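Colleague: A structural model of the following input is requested.
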Amino acid sequence: MACEVQYGGKITDNLDRELFNAYGDDYIKEGIFGNEHTFIEIIQEGSGTATKERFKYKIPANPNNEISKYREYIDIVPPVDNPEVFGLHPNADLTFRLKESLEMINTLTETRPKDTGGGGGVSKDEMV
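Modeller: Numbers count the residues shown, from 1 in each chain. Prediction:
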């Protein structure tokens, strides 16, 4: 009901609808609040120079609903999500970073000072 009725009406592409329903089947079900359900387990860079750690994306077990338990878990969640969390290939991150870098370079190029045609002063190449 959540996927088809509440959000499905806002999705216009059939492939997006199928993907959204697949996520709904995995994320909205009984047992997600239990200890055994893990949404995904990834290998991430550790705090050491060459260490790798496993991290499980899950809803932490908290029988007494203590807010401090949820906050402790939030503090250890990686600050940048790995593309694998969303079912994407690891190269998706490379593509995203490349796109962001090109957009930044284009913005810098567009906002640099224009040549006013006046004499004396610093040329555009010297300023850059």
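Colleague: contact partners of stretch 1-9?
Modeller: Residues outside stretch 1-9 that contact it (C-beta atoms under 8 Å, 6 or more residues apart in numbering): R17, F20, N21, Y23, G24, I28. Placement of C-beta: from N, CA and C, glycine included.
Colleague: burial count for V85?
Modeller: 13 (other C-beta atoms under 10 Å).
Colleague: where does it land on pLDDT?
Modeller: Per-residue pLDDT puts V85 at 81.
Colleague: Next, the closest residue to it other than its chain neighbours: phi, psi?
Modeller: In space, and not counting its chain neighbours, V85 is closest to I40: 5.6 Å by C-beta to C-beta, 6 or more residues apart in numbering. I40 adopts backbone torsions of phi -160, psi 150, taken as degrees, to the nearest 10.
Colleague: Pretty sure I40 sits against Y57.
Modeller: Yes: contact status for I40 versus Y57: in contact at 5.1 Å, counting by C-beta atoms under 8 Å.
Colleague: per-residue confidence for R17?
Modeller: 85.
Colleague: any idea whether it is helix, strand or coil?
Modeller: helix (DSSP: H, G, I helix; E, B strand; the rest coil).
Colleague: What about it, how many residues nearby?
Modeller: For R17, using other C-beta under 10 Å, the count is 15.
Colleague: distance of the closest residue to it other than its chain neighbours from E41?
Modeller: Spatial nearest neighbour of R17, chain neighbours left out: I11 (4.8 Å); criterion: C-beta to C-beta, 6+ apart. Separation of I11 from E41 (C-beta to C-beta, to the nearest Å): 28 Å.
Colleague: And those two? Which one has more around it.
Modeller: I11 (16 against 11).
Colleague: Wait, the more buried one touches N21, no?
Modeller: No: when contacts are counted by C-beta under 8 Å, I11 is not listed as touching N21 (9.5 Å).
Colleague: on that earlier part again, joint contacts of I40 and Y57?
Modeller: V85.
Colleague: Spatially central residue for the protein, please.
Modeller: For the chain, the residue nearest the mean C-alpha position is D81 (4.6 Å; C-alpha atoms, centre = their mean).
Colleague: ranges for the helices of the protein?
Modeller: For the chain, the helices defined by DSSP state H cover 14-27, 67-76, 91-111, 124-127.
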